[in-house]
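S.K.: Structure for this input, please:
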Amino acid sequence: MIDYNYSSKLTMLQNIIIFWKRRNISPLGKITVVKSMLLPLFTHLFIALPSPGVHILNQIHNCFYNFIWDDPLKIKHNILIKPYEEGGLNMIDIYSFEKSMKLTWIKKLALCTGKCFVLVYSLFDVKKMLNMGNAYVQKIVKRLTNTFWKDVLNYYSIYVNTFKICTFDDVLNMPLFYNDNFKIGMNCIYDKNMYERGIRLVRDILCTSGGFKTKNDIENYTGKVLNFLFYEGVKRTVSDFIKKSSFATVNKSNTTGVFFSSYLNVIVFKAKPNKSIYSTYTFNKEKPTCQNKWNEIFNNIDWKFVHNFVFENSRDTYIQWLQTRIVHRILGTKSLLYKMKIVNDNLCSFCKKHEETLTHLFWECEHIQPIINYIKYSMNLNNINFPNISCQDVLLGICSEKMTPINILFLEMKRYVFICKKHSKIPTVPGLKNSFQLAWEIQKHTICQGSEFPNWSVVRLLINEPIT
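M.R.: The predicted model follows:
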């Protein structure tokens with residue numbers, strides 16, 4: 001059944017890719033095609049059918065990445081799937097996406113009680129599963145034979161294990177029973193009387209002052225005698241977990257109202273739960289290797305700004321992709337191409353004297369310095385107080401909202417220099433002004449909001465465009 005449903009979609013996927021490969025679009029544009037046209041082919045299958053298995057997901061993954069790069073990967077997969085501010089390009093991770101689609105069923109189980117779920121209720125205790133920790137979910141998975149629901153619960157278990165505790169409320173809303181974080185000895189805690197009387201979350205054993213309820217309080221509430229050693233064990237394991245977390249003190253607990261567990265709060269109440277679930281699956285601490293190399297050259301780099309500013313300040317995908325390649329150090333300079341044995345020498349395309357590195361191409365070259373000097377002179381002439389332009393400013397941008405017009409100026413300058421390199425032409429000041437003029441004429445017809453015009457104020461001054 002799975003192979004039958006996916007085989008036709010895989011054929012359709014390959015045909016769409018062949019069509020789009022005829023167009024000369026950047027990897028950023030290809031990622032947009034992947035997310036808007038290719039991924040939707042499989043969304044309903046991910047939701048409605050059991051997991052297709054690694055072999056089919058690998059085929060989809062390889063098709064996506066072969067389409068984006070054509071050649072070997074230039075940015076690692078773990079980096080590419082990160083958001084812009086972390087150095088990624090918001091590429092989709094098909095493995096995590098498939099898991100997040102399956103978890104839409106958990107929300108339906110939590111909120112719906114229709115006849116369509118009668119079969120599910122006969123397979124396992126849904127209410128207990130939603131109120132217990134990960135150990136109980138695994139207990140159900142071991143005896144389940146239904147492949148579809150086994151996949152759903154397995155993915156829910158992975159989600160629970162990778163869920164990040166961010167606030168003290170998350171701790172309060174953690175399931176108390178069958179939770180791998182709360183153990184007495186080697187066993188997860190569970191008390192049938194407490195559970196049946198509604199004591200299910202950490203907040204249920206805390207009083208309004210923030211301390212633990214006494215043994216007598218819990219016994220009076222449940223109407224049953226509570227084992228002293230069990231009570232002390234629960235107090236100790238919960239206290240130890242709070243101490244290990246970043247929350248040093250226990251805040252006052254709100255014990256009124258109906259609460260879901262921390263994990264279900266995201267799935268049930270978030271406006272876009274799939275996005276949060278997907279982010280949980282894809283989270284990783286890996287950093288782009290380019291950061292280490294740039295840190296050896298420049299100081300005090302704000303990496304969140306460096307990775308993100310081009311996407312916030314420019315809608316031009318050519319400039320976005322150019323700046324991304326500069327930041328990730330994958331732009332085709334002759335220094336890089338020579339190491340890859342694509343060209344015969346590593347000398348600068350303009351001066352033919354020095355190695356063509358990124359810093360040389362956009363700053364140090366004797367043909368680039370007149371352009372930099374012209375920009376400095378024009379700024380001084382127009383009373384723009386920014387005298388100390390550096391190589392770091394040009395290549396990685398200036399971390400300040402007030403400097404957005406200057407950052408756009410540098411982006412347009414780098415576009416002009418790189419186009420000159422591609423066409424084997426020497427960059428000149430008149431050529432730069434013509435490039436700025438063309439960019440502004442295009443921008444005037446593409447800017448949707450008048451509030452964006454001030455960002456182009458410096459470029460307009462340099463081409464003597466009147467500013468009203």
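S.K.: which stretches of the stretch 51-200 of the chain form strands?
M.R.: 183-184, 187-188 (DSSP state E, counting those that start in this stretch).
S.K.: quick one: which of those is nearest residue 70?
M.R.: Closest approach to residue 70 among those (CB to CB): strand 187-188, 50.3 Å. In this view, the C-beta of every residue, glycine as well, is placed from N, C-alpha and C.
S.K.: Mind listing the strands the closest one pairs with, and their directions?
M.R.: Sheet neighbours of strand 187-188, with direction, are listed as strand 183-184 (antiparallel) (DSSP bridges).
S.K.: Compare the strands of the stretch 51-200 of the chain and give me the one nearest residue 19.
M.R.: strand 187-188 (53.3 Å).
S.K.: Break this protein down into its structural domains.
M.R.: Residue ranges for the domains of the chain, per automatic domain parsing: 2-102, 111-286, 290-462.
S.K.: would CSV of these with mean neighbour count and mean pLDDT be doable?
M.R.: Output for those, formatted as CSV (neighbours: other CB atoms under 10 Å; pLDDT from 0 to 100):
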stretch, mean neighbour count, mean pLDDT
domain 2-102, 16, 94
domain 111-286, 16, 86
domain 290-462, 17, 90
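S.K.: sorry, back to before: so which of the strands of the stretch 51-200 of the chain comes closest to residue 96?
M.R.: Nearest to residue 96 among the strands of the stretch 51-200 of the chain is strand 187-188 (27.2 Å), distances taken as CB to CB.
S.K.: quick one: contacts of that closest one?
M.R.: 133, 135, 177, 178, 179, 180, 182 (CB atoms under 8 Å, 6 or more residues apart in numbering).
S.K.: One more pass at 7 Å, please.
M.R.: For strand 187-188, contacts defined as CB atoms under 7 Å, 6 or more residues apart in numbering pick out 133, 135, 178, 179, 180, 182.
S.K.: what do you get for stretch 31-38?
M.R.: With CB under 7 Å, 6+ apart as the test, stretch 31-38 has contacts from 13, 16, 20, 64, 68, 89, 90, 91, 92.
S.K.: Tabulate those residues (a markdown table), appending distance to residue 335.
M.R.: What follows is the contacts of stretch 31-38, written out as a markdown table (distance: CB to CB, whole Å):
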| residue | distance to residue 335 |
| --- | --- |
| 13 | 38 |
| 16 | 37 |
| 20 | 32 |
| 64 | 30 |
| 68 | 25 |
| 89 | 24 |
| 90 | 29 |
| 91 | 27 |
| 92 | 33 |
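S.K.: and those residues, which of them are in helices?
M.R.: With DSSP state H as the criterion, helices contain 13, 16, 20, 64, 68 from among those.
S.K.: From the residues you listed, pick the one nearest residue 30.
M.R.: For the ones in helices among the contacts of stretch 31-38, the residue nearest residue 30 by CB to CB is residue 68; the value is 4.7 Å.
S.K.: I'd like the distance between the closest one and residue 33.
M.R.: For residue 68, the distance to residue 33 (CB to CB, to the nearest Å) stands at 9 Å.
S.K.: do the same with residue 414
M.R.: Here the criterion is CB to CB. By it, residue 414 lies 26 Å from residue 33.
S.K.: Also residue 327?
M.R.: From residue 327 over to residue 33 the distance is 23 Å, taken as CB to CB.
S.K.: Residue 277 now?
M.R.: In terms of CB to CB, residue 277 sits 24 Å off from residue 33.
S.K.: what do you get for residue 315?
M.R.: Applying CB to CB to residue 315 and residue 33 gives a distance of 17 Å.
S.K.: same question, residue 18
M.R.: With CB to CB as the criterion, residue 18 and residue 33 are 12 Å apart.
S.K.: Next: residue 137.
M.R.: For residue 137, the distance to residue 33 (CB to CB) stands at 37 Å.
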